[in-house]
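Chemist: Kindly return the folded structure for what I paste below:
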Amino acid sequence: MEYVPDYYNKDLLILGVGNPLFGDDGFGPAVAEELSCRGRVPSFSAVLDVGTGVREILFDLIISPKRPKEIVIVDALDCGREPGEVFKVRVDEVPSLKSHDFSLHLAPSLNLLQELRDNSGVRVTILAAQPEIIPEIVTAGLSEPIRKAVKETADYIEASFFKRI
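Modeler: Residues are numbered from 1 along each chain as shown. Predicted structure coming up:
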């Protein structure tokens, strides 16, 4: 019998994406950690810190006979907004916004998200925060605006996603 991870069977999958070794790019993993530490993740959902491995998770979901009804991607996106500003982005909008950096590790990942949305009926939401800075060399730690955005985003996920399914 083929092994299927438990989170494939959940209705809601929250994926914290990014690299905490590059400053504010660690936003997604920090939100995943905040949600997990609060201890209020409902049984119909799973929260994963996928770091830079989102592509593998998405590919596995595409080929799996089981998959969640909804996926929420949490990541830092440099869109020229105020540092720490949290916003939603449609999958179709991301390439023009994030073509130059590596955080959502996106080029192939966007195609996989579109495939899940269009061919598998999975709802896809991207929650992003404007980083203050993503350094070019290893520099761990979040800026103050992003630390505040972590709490704000975790609160939003609890209120908007954990209550509605």
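
Chemist: From Arg123, how far out is the closest residue to Tyr8 other than its chain neighbours?
Modeler: Sequence neighbours aside, Lys66 is the residue nearest to Tyr8 in space, at 4.4 Å (criterion: C-beta to C-beta, 6 or more residues apart in numbering). Using the backbone N, CA and C atoms, a C-beta is placed for each residue, glycine as well. Counting by C-beta to C-beta, to the nearest Å, the gap from Lys66 to Arg123 is 16 Å.

Chemist: Just checking, which helix or strand of this protein averages the lowest pLDDT?
Modeler: helix 94-97 (a mean of 58; mean pLDDT, DSSP states H and E).

Chemist: Run through the neighbouring helices and strands of the following helix or strand past that one.
Modeler: Next along the chain after helix 94-97, taking DSSP states H and E as the criterion, comes helix 106-120. Counting by 3 or more C-beta pairs under 8 Å, 6 or more residues apart in numbering; DSSP states H and E, the packing neighbours recorded for helix 106-120 are helix 54-63, strand 70-76, helix 94-97, strand 123-129.

Chemist: thinking again about what came up before, let me see the contact set for the residue nearest to Tyr8.
Modeler: Neighbour list for Lys66: Val4, Tyr8, Asn9 [criterion: C-beta atoms under 8 Å, 6 or more residues apart in numbering].

Chemist: Check Asp11 too.
Modeler: Phe44, Ser45, Pro68, Lys69, Glu70, Ile165.

Chemist: ok, and the closest non-adjacent residue to Leu112?
Modeler: Nearest non-adjacent residue to Leu112 (C-beta to C-beta, 6+ apart): Leu58, at 3.8 Å.

Chemist: how close does that neighbour sit to Phe87?
Modeler: Counting by C-beta to C-beta - Leu58 and Phe87 are separated by 22 Å.
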